[in-house]
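> 3D, please:
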Amino acid sequence: MPEWKKKGNLVASSVINLKDSMDKNIPHVLIDIRPADAAKKEHIKGAVSISLSELAQAKDGFPADKKAPIIICCDTQKLSGDAFKIVRKWGYSNLAYLAGGIEAWKKAGNPVASNEPKTAIVYVPKPRPGEISVDDFKKIAETLSPDKLILDVRDKDETMRGIIKGAKNIPAKDVASRLSEIPKDREIIIHCTTGARAEMVYHTLKDVGYKALFLNAVIKVESNGTYGIFKE
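The predicted model follows:
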């Protein structure tokens, strides 16, 4: 994923991920790039209305924090892609478009608002609850303590290149249905590739009583189990 993002390729975010971020009050910016009248008729609560035609001139209103999670919402993937390319050039590393747009949001049974949408971005980052430091993560990975378990929530194809020795792999999308495989008598240390999925899984496990922490950093695991970690 880091290599994919560095090349400026499109990144999609699911309705489930957006809803989860909203429910857990995880700071993010949702930009509705449809025409203003369409956004006024109906929009996802909290969305900021900046039409595609006005987007290029709105750069100064975007967060100073280039790691701020930004999600583009539109009716079509093509227009979402056009907006994505504009914002990506500004250096935002956690940028995605909402797969299926507002129609997918409604189809999933989520509500929409019909009042005047926001027109100015307000992004207030918060300390990440449950975040483990890189140094502490490395110590746990190196000591293989019996009271801790490293949970790798990358997809199966991502682990084919390598996995940390002693780690258990359960893809993020499967965690909720495979809780019986995760011991409750051990502290769960979660990682993915960039920290985004790991944070979601952290909240899932905390909600059902697990003691857990997650790594909010980019990690690259080699075939021999060695790894490199860096903060974006």
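> and stretch 98-115, which residues are buried?
Buried residues in stretch 98-115, counted by 16 or more other C-beta atoms under 10 Å: 98, 99, 100, 101, 102, 105. In this view, the C-beta of every residue, glycine as well, is placed from N, C-alpha and C.
> quick one, domains of this protein?
2-107, 131-230 (automatic domain parsing).
> quick one, strands of the chain?
For the chain, the strands defined by DSSP state E occupy 12-13, 29-32, 48-49, 70-73, 95-98, 131-132, 148-152, 168-169, 187-191, 212-215, 218-221, 227-230.
> In helices only, show me the buried residues of stretch 98-115.
Taking DSSP state H as the definition of helices, these contribute 101, 102, 105.
> Make TSV out of the residues you listed and add pLDDT and distance to residue 221.
Listed next are those as TSV, based on pLDDT from 0 to 100; distance: C-beta to C-beta, whole Å:
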residue	pLDDT	distance to residue 221
101	94	34
102	94	37
105	96	34
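> for the residue positioned nearest the centre of the chain, what are its contacts?
Centroid-nearest residue in the chain: residue 196, 3.8 Å away (criterion: C-alpha atoms, centre = their mean). Shown in contact with residue 196 (C-beta atoms under 8 Å, 6 or more residues apart in numbering): 69, 94.
> mind checking pLDDT for it?
Residue 196 is assigned 85 on the pLDDT scale.
> Residue 154 versus that one, what's the distance?
Plainly put, residue 196 is 11 Å away from residue 154 if you go by C-beta to C-beta, to the nearest Å.
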